[in-house]
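Participant: got a sequence here, can you build the structure:
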Amino acid sequence: MIELYKKVTKSMSEPHRKYHTMRHIGEMFALASTEYIGLSRIQHLAILLHDVVYNIPSGDISNEELSAVKAGEWLRDCYVPCMHSNAYSEETISAVQQIIRDTEKAIPTTKESAIVIDLDLSGLALNYWENRELIFYEFAHIGYDKVVSGRRSWLISMLERDSIFVSDHFQFLEKDAVKNIKQELQIIEDNDE
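Facilitator: Below you'll find the model as predicted:
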C-alpha cells in the first residue's frame, strides 16, 4: 500500500493541478467520516485512484477512463511477498475501475458507485466558490472563454438531472448545490451581456 500511496501522491501533485489534488481526496474521505459512512475497500480504493490521470484538455480518451486503466495497472502491481500473490483480486480491481468510470458522467452503475460519485460532487455544495477558482486555475491555459463555455455546459447538465446527488444519503446537499450552480450561471450570463 505504501508504494500505491506514493504513486497516487506523485500523480496528484502534478504542477497543473489545483483542485484535483490530494486535498480533494482528503475532503472526500473526511466527508465520508463526518457522515458516518463506512466505505468498503473498493470504495476506498476508487476514491483514492479516481483522478490519478488529469490531463487538461482530456483528449480523445477521458481522464476517468485513463484513471481506471492506470488504477488497474497500479493495483495489479501490489504484490504481497509473504502471500506470493497480488494484494487485490481481479474482481476487486474490476469493481474499482467501474466506479472510477462511473465518475465521468456521475451516473452509478453499481450501489457502491453512488456514494463515491456523491462524495466527488460534494464540492458543488461545500466550499463551492473556492473550488470554482481552483478549477479555473487548472484550466486557465486553454483560455477563459473555453473554460466558461465548458463550465456553463457542465453546470446546466447538472441542473437538468432529476437530482444532482444520486444516493439518498447526500440529498441534504442538493439545495445548496442547486443554489450555487444557479448563482454561477447568473454570473456567467451577466458577464456575457
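Participant: chain center to the host helix or strand of Ile42, what's the gap?
Facilitator: Following DSSP states H and E, one finds Ile42 within helix 41-49. Distance of helix 41-49 from its chain centroid, counting by Cα atoms, centre = their mean, to the nearest Å, is 11 Å.
Participant: check stretch 152-163 too.
Facilitator: 16 Å.
Participant: one step back: tabulate the CA atom coordinates of the following helix or strand past the helix holding Ile42 in PDB.
Facilitator: Using DSSP H and E, the next helix or strand after helix 41-49 towards the C-terminus is helix 63-76. Only the C-alpha atoms of helix 63-76 are listed here, as PDB (Å, rounded to 0.1, in the frame of the first residue of the first chain):
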ATOM      1  CA  ASN A  63      -9.400  11.300 -17.700                       C
ATOM      2  CA  GLU A  64     -11.700   8.900 -15.900                       C
ATOM      3  CA  GLU A  65     -11.100   6.100 -18.400                       C
ATOM      4  CA  LEU A  66      -7.300   6.700 -18.300                       C
ATOM      5  CA  SER A  67      -7.500   6.800 -14.500                       C
ATOM      6  CA  ALA A  68      -9.400   3.500 -14.500                       C
ATOM      7  CA  VAL A  69      -6.700   1.900 -16.600                       C
ATOM      8  CA  LYS A  70      -3.900   3.300 -14.500                       C
ATOM      9  CA  ALA A  71      -5.700   2.100 -11.300                       C
ATOM     10  CA  GLY A  72      -5.900  -1.400 -12.700                       C
ATOM     11  CA  GLU A  73      -2.100  -1.300 -13.600                       C
ATOM     12  CA  TRP A  74      -1.200   0.000 -10.100                       C
ATOM     13  CA  LEU A  75      -3.400  -2.400  -8.200                       C
ATOM     14  CA  ARG A  76      -2.100  -5.400 -10.200                       C
END
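Participant: check which residues of helix 63-76 are buried.
Facilitator: For helix 63-76, the neighbour count (16 or more other Cβ atoms under 10 Å) marks 63-72, 74-75 as buried. (C-beta placed from N, C-alpha, C; glycine too.)
Participant: name the nearest of those relative to Ser163.
Facilitator: Glu64 (20.8 Å; Cβ to Cβ).
Participant: tell me which residues touch the nearest residue to that closest one once chain neighbours are set aside, please.
Facilitator: Once flanking residues are discounted, Glu64 sits nearest to Glu104: 3.8 Å by Cβ to Cβ, 6 or more residues apart in numbering. For Glu104, the contact set (Cβ atoms under 8 Å, 6 or more residues apart in numbering) comprises 62-65.
Participant: in those, find the pair that's most separated.
Facilitator: Asn63 and Glu65 (7.5 Å).
Participant: pLDDT score for Tyr79?
Facilitator: The model reports Tyr79 with a pLDDT of 65.
Participant: repeat that for the one 10 residues further on.
Facilitator: If you check Ser89, the pLDDT there is 90.
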